[in-house]
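# next one to model:
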Amino acid sequence: MAKITNQSTLTSKYTLPDQSEQQNETQSNISTAENMTTSFLKERKSAKDFGVPEAEIMQTITLTNNSEYPISDITVVDTISEGGTFKTGSVLIDDVAQPDMDITTGVQLESDIQPNSSCKIEYYLVLSDQPTQNEVTATSEITYTVNEAVGLKELTNETIISVENEKITIKKTSDKSAVITGDKITYQHEIKNEGNIDNTDLFFKDTIPAETTFVTGSVKIDEQSYPDYDPSVGFSLADLAANQTIIVKFEVTVN
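Numbering: from 1, shown residues only. Next comes the predicted model:
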């Protein structure tokens, strides 16, 4: 609880009938104002500070009244950055479901928060299934009234959720679209980590088409030859860091 107090002092002099001069000091009453920024605590938390695409992560806003006044007309509006959305019907107020409320358009509390009391608002934030950002942020704007101070507005702290996006792609191409018996086809595989998480224990395998025969010793990884590798058996690849690419090539002969 934080109070701003103020008191004035007035000094004066007066003269008595015997011509003696006297000094007087008068103090005003003490004026008090409550600093609601510090007396009305507004804190938000995220159940996790990371998530994978489509994850549902609980968000909690706790409002605590440490002032001596009731707080009324409380509305909470959340702003969620690109890559995250509010899960419809997920709002809870003090553990009671509020399926018709939407935190992004505004949740209005039906009751005042009395002194030395608190209120908890919860909902699920859903991460995008195809994220384009590495993090999602959310903040709450709290609008409220205390005594004659109507429509006070303040922001909570910001929660930050990092998006752990695991996305490996393989683009396969061949150097020929039409062949005859005896021709060789070179297959190329562009293996790319388009996410932001390193991938380990990579194992590559390719079933050779029945109409062809694998050319022994033709495997190349990033242009380095691996004569003992056979794609039909499979082989390990190096770890693949975020935004890195591995090129795998091999040849087959058309039967």
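
# show me the helices in the protein, by range?
In order along the chain, the chain carries the following helices (DSSP state H): 36-39.

# per-residue confidence at the residue positioned nearest the centre of it?
The C-alpha lying nearest the average C-alpha coordinate of the chain belongs to Ile161 (CA atoms, centre = their mean; 2.5 Å). The predicted local distance difference test score for Ile161 is 97.

# relative to Ser232, how far out is it?
Taking CB to CB, to the nearest Å as the measure, Ile161 and Ser232 are separated by 43 Å. In this view, the C-beta of every residue, glycine as well, is placed from N, C-alpha and C.

# now Thr200
24 Å.

# over to Lys87?
Counting by CB to CB, the gap from Lys87 to Ser232 is 46 Å.

# likewise for Glu166?
27 Å.

# quick one, which of the two is more surrounded?
Set side by side, Glu166 and Ser232 give different neighbour counts by other CB atoms under 10 Å, the larger being at Glu166 (14 against 10).

# and the more buried one, what's its pLDDT?
Reading off the model, Glu166 has pLDDT 85.

# pretty sure it sits against Asp198.
No - using CB atoms under 8 Å, Glu166 makes no contact with Asp198, being 9.6 Å away.

# ok, now which ones touch Met36?
Contacts for Met36 were tallied using CB atoms under 8 Å, 6 or more residues apart in numbering; they are Ser67, Ile71, Val146, Ala149, Leu152, Glu154.

# and for the second one, the neighbour number?
Ile71 has 24 neighbours, counted by other CB under 10 Å.

# may I have the strands that pair with the lowest-mean-pLDDT helix or strand in the chain, each with its orientation?
Within the chain, confidence by mean pLDDT, DSSP states H and E is lowest for strand 3-6 among all helices and strands, at a mean of 80. When pairing is defined by DSSP bridges, strand 3-6 lines up against strand 31-34 (antiparallel).

# list the contacts of the strand it pairs with.
Judged by CB under 8 Å, 6+ apart, the contacts made with strand 31-34 from elsewhere in the structure are Met1, Ala2, Lys3, Ile4, Thr5, Asn6, Gln7, Ser67, Glu68, Tyr69, Val146.

# count the neighbours of Ser31 for me.
Residue neighbour count, defined by other CB under 10 Å, stands at 10 for Ser31.

# that one pairs with what?
In this entry, Ser31 is beta-bridged to Asn6, by DSSP bridges.

# any idea how far Lys3 is from it?
From Ser31 over to Lys3 (counting by CB to CB), the distance is 10 Å.

# go on, Glu166?
If you measure Glu166 against Lys3 using CB to CB, the figure is 52 Å.

# again with Ser177
With distances taken as CB to CB, Ser177 is found 81 Å from Lys3.

# between those two, who's got more neighbours?
Lys3 (13 against 6).

# burial count for the closest residue to the more buried one other than its chain neighbours?
The shortest distance from Lys3 to any residue other than its chain neighbours is 5.4 Å, reached at Thr32 (CB to CB, 6 or more residues apart in numbering). Number of residues near Thr32 (other CB under 10 Å) recorded here: 11.

# what's the answer for the one 5 residues further on, then?
Per other CB under 10 Å, the neighbour tally for Thr37 reads 11.

# next, the contact list for the residue nearest to it when sequence neighbours are not counted, please.
Leaving aside its chain neighbours, Thr37 sits nearest to Glu154 (6.4 Å; criterion: CB to CB, 6+ apart). By CB under 8 Å, 6+ apart, the residues touching Glu154 are Met36, Thr37, Phe40, Lys42, Glu141, Ile142.

# quick check: the fourth one touching Leu63?
Yes - counting by CB under 8 Å, Lys42 does reach Leu63; the two are 5.8 Å apart.

# for the residue nearest to the centre of the chain, which residues count as its bridge partners?
On the basis of DSSP bridges, Ile161 is bridged to Val136.
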